[in-house]
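Asker: Predicted model, plus sequence, below.
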Amino acid sequence: MSELRADCLSPIDTATLWPQLGRLCTEVVATRSAEHLLLNSALAATGLANLARMPRTVVLGVKRGLGYRGVLVARELDGGAAWEAISLRLARPQDDDTVSALAGAVAIEVARRGGRTLYMRIPHGSLHIDAVRKTGLTAYGEEHLLGMPGHHSHARQTTFRPGGRNDRQAIFRLYCRVVPENVRRQEAPTQQDWRALHGSYDCDREYVLEGGGAVDAWVGIGPREAYVLADGAVEGVHDALLDLIEAHDGRHATLVATQYQFDLQRRAEERGYTALGTRLICARRLAALHTLKEVAAAGIETAPLPN
C-alpha cells in the first residue's frame, strides 16, 4: 500500500485548487458533473455566488510542495446510503501510489460520514485499474457506451408516460426482475441502495412503460447519457424505448447499456448506434465507523464484604 497521505481539503483549499486543475491533466475518473461540483464548491467558499443546494461533496488531495500530485472529488448520492467518486486527476501520466492513496482515503472518509458503499466508474483497460483494486474497489459490471446515429427516429408518439416519485417502488421491482442476482447483490440489494444508484445516473427526465399492472420498462435521460431498464420478454419494448430516446435528441447523445442487456445492444447496433467505449463499474462495501464516546470512571462507595 502507498505511504502517501491523502487529506481532505477545506473549502478554502478547494477554492484555491480550481486554478491548478490545468496542471492535473491526467483524468483517471471523469464523470459528467465532477468539474461543475468542484467549481460550485469553490464559488461557494469564496462567497461569490448564491448557489442552489448541492449534494455533500468531499475533495481530497495528495500534496506536492505548494501544488498537488492528485485530487479526488466524491459526492453523496440520493438518500445518503452511497457515495460516488466522480473525478480523479493526476499531475503525472501514471502515478499508482497517488491513485491508491486517494481511493483508500476517500473510502475511509465516506464511511466516517455514514456511507455504506463507494462507487467508481473507470474506463476499461485503464492503466490505473490495478491501483484502484488494491484499495478494495471491485469491478462487478460493465457499461457499454453507444453513440446515437446521425439519422434517427424523431417520432413524438410513444406508449411511455412521464415517471415520478410515485413510480420508484415499481421501478425497483422492475430492477429486481431484469438485473441478474449476482449484479444486484453488489450494486443495489435494497431499495435505498437502488435510490443511490439511480442518483448516480444524473437523470433529469424519466419515463415508464406500464403493462399488466407493473412497469415493463424505464428510461432515464440526462444531459449527456440515457439509461434504461426493460423486460425483454415484452414485444417491441427495445424499439419503443430507442424511439423515445432519439426523440429527445439534445445534448445527450450516448446510450448506456450494461453487460447483461444483450438484446438492447444488438437492436441498437442494428439501428446504427456505434460503440464509443466501455467502462467498469467498481464498488466497495464499507464498514460503519462509530467514534468512541468519552468515558469517565464512576464513583463507587466501598462497603465491607459480607462474612
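Answerer: Structure's in. What do you need?
Asker: so where is this structure shaky, pLDDT-wise?
Answerer: Scanning the chain for pLDDT under 70 picks out the ranges 1-2, 31-55, 151-156, 249-252, 288-307.
Asker: For it, which strand extends over the most residues?
Answerer: strand 274-285 (DSSP state E).
Asker: next one: that one to chain centre, how far?
Answerer: Distance of strand 274-285 from the chain centroid (C-alpha atoms, centre = their mean, to the nearest Å) equals 11 Å.
Asker: Which elements pack onto that strand?
Answerer: strand 117-123, helix 129-133, strand 138-147, helix 181-187 (3 or more C-beta pairs under 8 Å, 6 or more residues apart in numbering; DSSP states H and E). (Glycine included, C-beta is placed from N, CA and C.)
Asker: mind listing what's buried in stretch 73-81?
Answerer: By neighbour count on 16 or more other C-beta atoms under 10 Å, the buried set for stretch 73-81 is V73, A74, R75, E76, L77, G80, A81.
Asker: What's the local residue count around D96?
Answerer: The number of residues packed near D96 is 16, by other C-beta atoms under 10 Å.
Asker: G277 pairs with what?
Answerer: L145 (DSSP bridges).
Asker: same question, L255
Answerer: Per DSSP bridges, the residues bridged to L255 are L146, A226.
Asker: hang on, isn't it packed against L146?
Answerer: Yes. Between L255 and L146 there is a contact under C-beta atoms under 8 Å: 4.4 Å.
Asker: if we can go back for a sec, ok, so of the buried residues of stretch 73-81, who is nearest A91?
Answerer: Of all the buried residues of stretch 73-81, A91 sits closest to V73, with 15.5 Å by C-beta to C-beta.
Asker: What strand or helix carries the closest one?
Answerer: Using DSSP states H and E, V73 falls within strand 67-76.
Asker: Mind giving me the packing neighbours of the helix or strand following that strand?
Answerer: Next along the chain after strand 67-76, taking DSSP H and E as the criterion, comes strand 82-90. The helices and strands touching strand 82-90, judged by 3+ C-beta pairs under 8 Å, 6+ apart, are strand 26-30, helix 34-46, strand 67-76, helix 96-112, strand 117-123, helix 191-200.
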